[in-house]
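Peer 1: Sequence and predicted structure below; questions after.
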Amino acid sequence: MRDRATRVLYLATLGLVPWGALVPFPWLHENARWSDAVAFLAWASGLALERRLPRLRPVHAGLALYLAWAALSFVAASPRDPSGPAKLLGLGMLLALFVVTSDMAGRPGMPAGIGRTIAATSLLTALAALVGVVLSAFGTITPLVGTCGDLLPGPLSRAQAGFPHPNLLASYCVFAYGVVAREDAGLSRGFRRFVVAALALSVLLTTSRAILAFALAAAIRHATTPARRRFAWGLGISLVLAMIGLTLVNLTFQPLRPWELSLREGPSVRLQSATTSLETLAAHPLFGSGLGSSPGRRGSLAFDAHLTPLNVAASLGLPALAGLGFAGFCLWRARARPTELALWGMLAGLALDALGQDVEDFRHVWLALGLADAGRAEPKAGA
């Protein structure tokens, strides 16, 4: 009964992930919620009653360094950002979500439960995205859409469904695709294809750069032959270069007419945020600008770097980036063989998306990392 309650609470947390902007739970910070805390407490109490603890591994050392250095960054900052304490608590909850996911996804029957939960909530999300865009086309603007453009707003309404921003919805679609495309997701082939089609429509309705990430995740998922693997490698390299180019060049286009490109005068806003974040990193390589701060600038306004590794290093310091990078390296080294294409295609897509926005605080990213940890190769007996 206790284990069943823990499973239900955890799956409920997964189901609520796409509805953060609409479900009135109080925030811990912008991307960690009290529903995560409830699921974590239920999970932790179950471990206490069973008198067991998760086995510590190198990945936990990397994450511990990341969290500890974030705290040191806040203490060392002058002035300290007022949002720092809440940000640190939220960061701790995101890491807790990783640990809980790693444990829960490894329990019998849970991969299918996770797959079905993500499939169901993703279909509702896709419906909300479509309804929002259709209503906006008829002049009715709802919270289900956001404006076109991230750093530079535009005239077009983009789908965001239950998220606070279209880019978050697009990133979530990459995550959800990786979950439902797994063979252990408990979905029939026809239903899986239907959910994937709904996710593809949703990400297209966001008209965001994460469309490229979704394409990469799909290419890797289907890289089951040497020719397909070569195609996935070529696509991945091309898309990385495209993401870098979109940051360096001030190129714009109309999402409904993407073939009509125009080059604006002056540096791109993303290049400004990246270069000023680099200046912050050069000035404060050890502790960055401080937890909760935005290391970049656009004129007199503080901006995030919109490049995840740079944003982590410039705001928290190089040791924090090293801890996060080491954790990712440990997950890759410990993966089960043969490599699960749906899972690691999803992670590759999220990594590509991280070149164009700051994903380190996205809840679904930490869920994805937890799933990767759950899919690790178990050591052989006696090893």
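Peer 2: Perfect, I can see it now. Numbering: from 1, shown residues only.

Peer 1: residue ranges of the helices in the stretch 251-383 of the chain, please?
Peer 2: With DSSP state H, counting those that start in this stretch as the criterion, the stretch 251-383 of the chain has helices at 269-283, 308-316, 318-333, 341-353, 363-374.

Peer 1: With the stretch 101-250 of the chain instead?
Peer 2: Ranges of helices in the stretch 101-250 of the chain, per DSSP H, counting those that start in this stretch, are 110-137, 166-180, 189-206, 210-221, 226-248.

Peer 1: Just say which of those helices is most tucked in.
Peer 2: Each of those was scored by mean neighbour count; the highest is helix 166-180, a mean of 29, by mean count of other CB atoms under 10 Å. Bear in mind the C-beta positions are built from the backbone N, C-alpha and C, glycine included.

Peer 1: starting at the chain centroid, how far to it?
Peer 2: On the basis of CA atoms, centre = their mean, to the nearest Å, the separation between the geometric centre of helix 166-180 and that of its chain is 8 Å.

Peer 1: what is the orientation angle of it with helix 363-374?
Peer 2: Our comparison of helix 166-180 with helix 363-374, counting by axes from the mean of the first three to the mean of the last three CA atoms, to 10 degrees, yields an angle of 20 degrees.

Peer 1: most packed of the helices of the stretch 251-383 of the chain?
Peer 2: Greatest burial across the helices of the stretch 251-383 of the chain, using mean count of other CB under 10 Å, falls to helix 308-316, with a mean of 27.

Peer 1: C-alpha coordinates for that helix, CSV please?
Peer 2: In CSV, the C-alpha atoms belonging to helix 308-316 read as follows (Å, rounded to 0.1, in the frame of the first residue of the first chain):
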residue,chain,number,x,y,z
THR,A,308,23.2,26.6,-20.9
PRO,A,309,26.9,25.7,-20.2
LEU,A,310,27.9,29.4,-20.4
ASN,A,311,24.9,30.5,-18.2
VAL,A,312,25.9,27.9,-15.5
ALA,A,313,29.5,28.9,-15.5
ALA,A,314,28.9,32.7,-15.6
SER,A,315,26.3,32.7,-12.9
LEU,A,316,27.7,30.0,-10.5
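
Peer 1: helices or strands up against it?
Peer 2: helix 58-76, helix 269-283, helix 318-333 (3 or more CB pairs under 8 Å, 6 or more residues apart in numbering; DSSP states H and E).

Peer 1: so which of those comes closest to Val145?
Peer 2: When the helices and strands packed on helix 308-316 are compared by CB to CB, helix 269-283 sits nearest Val145, at 21.8 Å.

Peer 1: what's the angle between that closest one and helix 308-316?
Peer 2: Between helix 269-283 and helix 308-316, the angle comes out at 50 degrees (the same axes, to 10 degrees).

Peer 1: tell me the mean pLDDT for helix 269-283?
Peer 2: If you average the pLDDT over helix 269-283, you get 89.

Peer 1: cool, stretch 94-109 as well?
Peer 2: When pLDDT is averaged along stretch 94-109, the result is 92.

Peer 1: Report the buried residues of it.
Peer 2: Neighbour-count burial for stretch 94-109 flags 94-106 (criterion: 16 or more other CB atoms under 10 Å).

Peer 1: Which of these fall in strands?
Peer 2: Taking DSSP state E, every one of the buried residues of stretch 94-109 sits outside strands.
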